[in-house]
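> Need coordinates for the below:
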Amino acid sequence: MSTALASALPYSRARTVMNPPSSMDELELNSLGPDHNVQEPDRLDGSRPLRVLSVMNKLYWGGHERRVLQFAEAVDRSRFDHRVLIVTAPEQETEQQEMASGSMRQAFALARHPVVDLGERADGKAGRVGFGRAVRASSSMIRIIRKLVRYIREHEIDVIDVHHTTAIVAGVIAARLAGVPVFISAYHVEPWKPVAMRLPGQLAFGLSSAIVTDSQVRADDIRSWMKTKDVPIHVVPTGVPVPVPTRSAAEVRRELGLPEDPRLKIVGQISGLIPFKGHDVLVEAAAQVLAQEPNTAFVCIGFNRGHDAYEAKLRARVTELGIADRVIFKGYPGEIGDVWQLIDVFAHPSKFDSLPLSVLEAMAVGKPGVMSAVGGIPEVITDDVNGLLVPPGEPGPLAEGIVKLLRDPQLRNRLGSAARDAHRAKFTPQAMARSLEGLYASLAAAK
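Reported below is the predicted structural model:
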C-alpha cells in the first residue's frame, strides 16, 4: 500500500498491513493459527486473554462496522483477543476500488486487526447477504452455521458478538451449538418487523445471552418488541475518536467541487445516503436557507449503500430547485476529518435513528449542529445547550435553525464548545471499550 493511500484511509496510522486469508476455506487449507500473523497478546497470570469474536454480514462503512473498528482500536489487547469474522466473501477489488465502494477492509488492515471471511456470496452492491435468500437456500444458512461452529471450536472463542440480520440468526444458533455466550448488537428492530422476519428475529433475540444497544430509547423499543423478557439489555453508547484531517482544507474543497471563497459557509451532513437519514428534508431546507443566506453551500457526504434510486431522486430535486451548484452529494473514502474541517454548521435531519456516529463526531470536533429530535439524539443533545433540536421531517424548522447558526458566530462557538466537552466526558472509544470489556468478561465468567 502506498504512503499516500494509507494517509487517506479513515483512522489511518503508520502500521504494517496484514494479509488475512481470503476465505474460510483458505483458512482451513493453510491451517493457520488463531492469531494469523498477529503476535499473541500478553498472558496475564499464566492464562490467555479472553477471545471475543465479532460476526457481521459485511464490512462497509456503517454504524455497526465503525463501532467494531473503534472497539478494535481501543481494546485492551493484554486482556482481550478480539477477532472479526465476515459472512460475505470480499469483492475482488483493488485498494482504490475498495475505498471508492465504501469498504472498511483497509481500515481494519491498518489497525492490524485480522478479518476472516466465511466466503458466502454477497447479494447486492453493499455486500448484503440477504436473509430471505439465505433462508430460501437453506443449505446456505446451514453452511454458515456449520462454518461458524467450527471456527468457534477450533479457535476456542469465549464470547461472540453478532451484528446484522443473517449474522445474528446464524451467530446465535452457532454459539448455542458451540456452548459459548453470545450477545446481539442491535440499534433497532425494524429489519425484524416484516412477517417473514418475525419468527427468526424473536428466536435469535430470545436465545441470546444479552443484547447491547447504543441508546435508552432503542433499548426500550427492543424490550417492548421482544417476546422473551428475561434477556438483559445493556446500553453502551458508541465511542468515537476525534476526527483528524490529513489533507489541507483547500485540497478537500477542490475535490468536493466547492468554491474556494473563504467567506462561503458550509453546512454539512455526514451519513449514508439512505432514505431515513432525511437528506430529502435537508434539500428542501437548503432552498429556504439559500434564499436568505446565498453565500452558503451544502455537502452531503456518504455512500448510498445500494440506494441508487434515492440518490438519483435527491440529485433530480436539487436540479429542479435550481440549487445543484450549491448542494453536493459525494462518498468520501478518506479520513473523515478532512471533511469535518470544512463544516461550519452540522445538519442531521434523520426521520429515524438511534445514536448516530456523525452526531458524536460533530460533538468531538466542536461543530454546532441542528438535529432531529429522534431516537437517542435527545439523550446526548440538549436543545440550546450543546446543539439545536428540531422536529423530524419538517424543512422549515431545520432551515430556521441553520440560518440562526449561520448568522450568530457566538452561538456557534457556545454550542460547539459544550458539545466537545460532552464528548470528552462520555463518548470516547476508550469509554466504550471499557464498558464492552466488562460485559464480555461477565458473560464469559457466567458460562
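> which residue ranges form the helices in the stretch 301-447 of the chain?
For the stretch 301-447 of the chain, the helices defined by DSSP state H, counting those that start in this stretch occupy 308-321, 337-340, 357-364, 377-380, 395-407, 409-426, 429-446.
> Deepest-packed of those, please.
Of all the helices of the stretch 301-447 of the chain, helix 357-364 carries the top mean neighbour count, a mean of 26, counting by mean count of other C-beta atoms under 10 Å. In short, each C-beta sits where N, CA and C put it, glycine included.
> what does that one contact?
63, 66-67, 237-243, 269-271, 336, 340, 343, 346, 348, 369, 371, 377, 380-381, 386, 419-420, 422-423, 427 (C-beta atoms under 8 Å, 6 or more residues apart in numbering).
> Who are the contact partners of the residue lying closest to Pro245 once chain neighbours are set aside?
Distances taken as C-beta to C-beta, 6 or more residues apart in numbering place Gly337 nearest to Pro245, at 4.2 Å, with adjacent residues excluded. Gly337 is in contact with 242-246, 365, counting by C-beta under 8 Å, 6+ apart.
> Please repeat the previous calculation with a cut-off of 7 Å.
243-246 (C-beta atoms under 7 Å, 6 or more residues apart in numbering).
> Now do it against Ile270, distance only.
Gly337 sits 11 Å away from Ile270, taking C-beta to C-beta, to the nearest Å as the criterion.
> quick one: Pro200 from Val169, how far?
For Pro200 relative to Val169 (C-beta to C-beta), the value is 5 Å.
> how about the helices of the stretch 301-447 of the chain, which one is nearest His188?
helix 377-380 (13.4 Å; C-beta to C-beta).
> quick one: the closest one to chain centroid distance?
18 Å (C-alpha atoms, centre = their mean, to the nearest Å).
> Pull the residues that contact it.
By C-beta under 7 Å, 6+ apart, helix 377-380 touches 215-217, 353, 355, 359, 371, 389, 422.
> let's see it at 8 Å
215-217, 237, 348, 350, 353, 355-356, 359-360, 363, 371, 389, 422, 426-427.
> name the helices or strands packed onto the longest strand along the chain?
As assigned by DSSP state E, the longest strand anywhere in the chain is strand 80-88. If you count contacts as 3 or more C-beta pairs under 8 Å, 6 or more residues apart in numbering; DSSP states H and E, strand 80-88 packs onto strand 50-56, helix 63-74, strand 115-120, helix 138-154, helix 165-178.
> what are the pairing partners of that strand, and which direction each?
strand 50-56 (parallel), strand 115-120 (parallel) (DSSP bridges).
> Using PDB, write down the CA coordinates of the longest one.
Meaning strand 50-56. C-alpha atoms of strand 50-56 as PDB (Å, rounded to 0.1, in the frame of the first residue of the first chain):
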ATOM      1  CA  LEU A  50     -10.400 -13.600  26.600                       C
ATOM      2  CA  ARG A  51     -11.200 -14.400  22.900                       C
ATOM      3  CA  VAL A  52     -14.000 -12.400  21.500                       C
ATOM      4  CA  LEU A  53     -15.400 -12.800  18.000                       C
ATOM      5  CA  SER A  54     -17.500 -10.100  16.300                       C
ATOM      6  CA  VAL A  55     -19.500 -11.500  13.400                       C
ATOM      7  CA  MET A  56     -21.000  -9.300  10.700                       C
END
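> And for that strand, what's in contact with it?
Outside strand 50-56, the residues touching it (C-beta under 8 Å, 6+ apart) are 34, 64-65, 68, 71, 79-87, 148, 151-152, 155-164, 167, 170-171, 440-441, 444.
> Now which of those would you call buried?
34, 64-65, 68, 71, 80-87, 148, 151-152, 155, 157-164, 167, 170-171, 440-441 (16 or more other C-beta atoms under 10 Å).
> who's in contact with the residue most central in space within the chain?
Of all residues in the chain, the one closest to the mean position by C-alpha atoms, centre = their mean is Gly63, 1.6 Å from it. Going by C-beta under 8 Å, 6+ apart, Gly63 touches 187, 238, 354, 356-357.
> what's the pLDDT at the residue nearest to Pro241 when sequence neighbours are not counted?
Ranked by C-beta to C-beta, 6+ apart and with sequence neighbours excluded, the top spatial neighbour of Pro241 is Pro429, at 5.6 Å. Looking at Pro429, its pLDDT reads 96.
> still on that earlier bit, looking at Pro200 and Val169, which is more packed in?
The neighbour count for Pro200 versus Val169, taken as other C-beta atoms under 10 Å, is higher for Val169 (26 against 20).
> Am I right that that one is in contact with Ala204?
Yes - using C-beta atoms under 8 Å, Val169 is in contact with Ala204, at 4.8 Å.
> any common contacting residues for those two?
In contact with both Val169 and Ala204: no residue, using C-beta under 8 Å, 6+ apart.
> now the strands for the stretch 151-300 of the chain?
159-162, 182-185, 210-213, 233-235, 265-270, 296-301 (DSSP state E, counting those that start in this stretch).
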